[in-house]
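>>> predicted model and sequence below, questions to follow.
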Amino acid sequence: MKVRLAYGQNGLEVEVPDSAHVIEPEPVPGLPDERAALEAALRRPIGSPPLREMLRPQDRVAVVFSDLTRPAPNERMLPPLLAEIESAGVHSRNIVLVNATGMHRPNTMEELAGMLGRDIAQRYRIVNHRAEDSGVYLGRTSFGTEVWVNSDYMAADVRILTGFIEPHVFAGFSGGPKSVLPGVVGAETIMRNHNAQMVGHPKATWGIIEGNPVHEEIREVASLTNPAFILNVSLNRHRQITGVFAGEMKAAHAAGVDFVRRTAMRPVPHLYDVVVSTNCGYPLDINLYQAVKGMCAAAEVIKPGGSIVLAAECAEGAGQTHFGAMLKMRSSPKELLEMIARPGFCMADQWGVQLQAKVLTKSRVYLHSATLGDGETRALHLEPCHDVSEMLAEMVAQHRRSGAEPSICVLPEGFATIPYVG
């Protein structure tokens, strides 16, 4: 049968065996009137007064939004939010939009115009967060992490977080407090929160928040900055808004997580010999650093020694500079994990290397990418796959020659669906 994988901007159609288990998010229709739903959520929020009642005309307002590597519908979320802010008498010159880049590269003005809409990009002051800037020091968390936060964000009287909610590979779920950490904090704060011990904790994984040290510290850091309000949404495969969750950070985020958990976490009956996955297409598969998430989603249901086929365009290659370089520092996944776990080791993007290496200790990973060549793919500890359909046919034939019918799972939307045995 034919299955369309989320790959780049145009998708990728592949042939898979009829016996393959295709797992997608629970189909949820988009809201019939997104603008009306967003306005209603702003005026009838969860756990807080309506946004308009929280604002004074003289307030300076900071609105945090997701960067290019996230498919957040900023161009649809921000117009009603900004209109609501200005309806309280706040002038546009007192509003700053902070791009939550974390440790990603800044976005260009052309990219920002595409992400936000040209009118917003031209009318408001936009700040690309730079994690290397010192920012404002807020003390230490209960985990011992020093907290440095973007100074433009902290200079505001009213701080608003926006984003979307989906399962996250080591923070449990995105959205809510993740707009602050890693979105607008300093590099030192990110590095400590994403270190080998935190990311390697057994509860630092998809769908787990409570008891997850990564998420608990993220929430603690966000609370230190006193965000007044959040506006989060859930999305379906067509990037349509399926739910709106606005109000007090903890309460609104919890409501969104409950909604997303029911649609994005899918039980399966057993582990599989082969899992085909993606990284949800553009912009999430823009580089291999991001595509590790799709690899990790597949690893949740792969048999030890099984094969993962990852279709990720990787238009920007490996992505983060340190990520690709670090992968080449050792000759095996085991050696990479030993290097990262060494006391005192600290390099940007090490969490991506740690996650990829962990997957590679239990399975082989084949990468189908339009950009990364065979030599580079192998240097990054992956095996090249030129044609997904042909590779699957070869894998099936190999299993049959040994007298077994392989079990195959397909995740067309990658980590938009998190499978688990249960």
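Noted; the coordinates are in hand. Residues are numbered from 1 along each chain as shown.

>>> ok, residue 292 touching residue 356?
Yes: look at residue 292 against residue 356 with CB atoms under 8 Å: they come within range, at 5.0 Å. C-betas here are computed from N, CA, C, even on glycine.

>>> would you mind measuring the gap between the ends of stretch 191-207?
One end of stretch 191-207 sits 22 Å from the other (CA to CA, to the nearest Å).

>>> how about residues contacting stretch 251-270?
Surrounding stretch 251-270, the residues in contact under the criterion CB atoms under 8 Å, 6 or more residues apart in numbering are 21, 23, 25-26, 28, 45-48, 165-167, 172-173, 175-177, 206-207, 209, 230, 232-234, 242-243, 245-246, 301, 407, 409, 416-422.

>>> recalculate using a threshold of 6 Å.
Counting by CB atoms under 6 Å, 6 or more residues apart in numbering, stretch 251-270 makes contact with 23, 25-26, 28, 46-47, 165, 167, 173, 175-176, 207, 230, 232, 234, 243, 245-246, 301, 417-419, 421-422, all of which sit outside it.

>>> so among those residues, which ones count as buried?
Applying 16 or more other CB atoms under 10 Å to these, the neighbour count classes 23, 25, 28, 46, 165, 167, 173, 175-176, 207, 230, 232, 234, 243, 245-246, 301, 417-419 as buried.

>>> so what does the helix or strand of the chain with the lowest mean pLDDT touch, helix or strand wise?
Ranked by mean pLDDT, DSSP states H and E, the weakest helix or strand in the chain is helix 321-327, scoring a mean of 90. Using 3 or more CB pairs under 6 Å, 6 or more residues apart in numbering; DSSP states H and E as the contact criterion, the neighbours of helix 321-327 among helices and strands are helix 350-360.

>>> returning to what we had before: just the ones in strands from the contacts of stretch 251-270, please.
Here DSSP state E is the test, and the contacts of stretch 251-270 give 167, 173, 230, 232, 234, 243, 245-246, 418-419, 421 as lying in strands.

>>> from the residues you listed, pick the one nearest residue 215.
The shortest approach to residue 215 among these belongs to residue 173, at 7.7 Å (CB to CB).

>>> how near is the closest one to residue 283?
With distances taken as CB to CB, to the nearest Å, residue 173 is found 19 Å from residue 283.

>>> let me see the domain layout of the protein.
Taking automatic domain parsing as the reference, the chain has its domains at 2-25+269-421, 34-263.

>>> now the terminal residues of the first one, how far apart.
In terms of CA to CA, the two terminal residues of domain 2-25+269-421 are separated by 25 Å.

>>> what about it, distance to the chain center?
Using CA atoms, centre = their mean, to the nearest Å, the distance from the centre of domain 2-25+269-421 to the centre of the chain it belongs to is 16 Å.

>>> for the stretch 201-350 of the chain, just list every one of the strands.
Secondary structure of the stretch 201-350 of the chain, counting by DSSP state E, counting those that start in this stretch: strands at 229-235, 241-247, 265-268, 272-278, 302-311.

>>> tally of neighbours for residue 370?
The local packing of residue 370 (other CB atoms under 10 Å) involves 12 other residues.

>>> what's the answer for the one 3 residues further on, then?
Using other CB under 10 Å, residue 373 has 11 neighbouring residues.

>>> how about it: what's its closest non-neighbour residue?
Counting by CB to CB, 6 or more residues apart in numbering, the nearest residue to residue 373 once its immediate chain neighbours are dropped is residue 384, at 7.8 Å.

>>> mean confidence score for stretch 255-275?
The average of the pLDDT scores along stretch 255-275 is 95.

>>> could we number from 18 for the rest of this?
All set: I'll call the first residue 18, so the last point we hit is now stretch 272-292.

>>> can you give me the end-to-end distance of that stretch?
31 Å.

>>> what do you get for stretch 292-299?
From its first residue to its last, stretch 292-299 covers 21 Å (CA to CA).

>>> list the buried ones in it?
For stretch 292-299, the neighbour count (16+ other CB under 10 Å) marks 292-299 as buried.

>>> what do you get for stretch 387-404?
388-389, 393-394, 397-399, 401-402.

>>> likewise stretch 52-63?
Going by neighbour count (16+ other CB under 10 Å), the buried part of stretch 52-63 is 54-56, 58-59, 62-63.

>>> columns pLDDT on top of the ones in strands among the contacts of stretch 268-287, output as CSV?
Converted to CSV, the ones in strands among the contacts of stretch 268-287 look like this (pLDDT from 0 to 100):
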residue, pLDDT
184, 93
190, 97
247, 98
249, 98
251, 97
260, 98
262, 98
263, 98
435, 95
436, 96
438, 94
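
>>> tell me which two in the residues you listed are the farthest apart.
Every pair in these was compared (CB to CB); the two farthest apart turn out to be 263 and 438, at 35.0 Å.

>>> where does this structure have low pLDDT?
Flagging of the chain using pLDDT under 70 yields an empty set of residue ranges.

>>> gap between residue 87 and residue 199?
When residue 87 is compared with residue 199 (using CB to CB), they lie 12 Å apart.

>>> of these two, give the one with the bigger neighbour count.
When neighbours are counted by other CB under 10 Å, residue 199 comes out ahead of the other of residue 87 and residue 199, with 24 against 21.

>>> residue 151: what secondary structure?
Using DSSP: H, G, I helix; E, B strand; the rest coil, the three-state assignment for residue 151 comes out as coil.

>>> for it, give its distance to residue 164.
The span separating residue 151 from residue 164 equals 12 Å under the rule CB to CB.

>>> of those two, which one has the most company?
The residue with more neighbours, out of residue 151 and residue 164, is residue 164; 24 against 10, by other CB under 10 Å.

>>> ok now the longest helix along the chain, how far from the chain's centre?
Counting residues, the longest helix in the chain under DSSP state H turns out to be helix 266-281. A distance of 15 Å separates the centroid of the chain from that of helix 266-281, by CA atoms, centre = their mean.

>>> can you check what angle separates it from strand 258-264?
For helix 266-281 against strand 258-264, the angle between stretch directions is 160 degrees (axes from the mean of the first three to the mean of the last three CA atoms, to 10 degrees).

>>> in helix 266-281, what counts as buried?
266-274, 276-278, 280-281.
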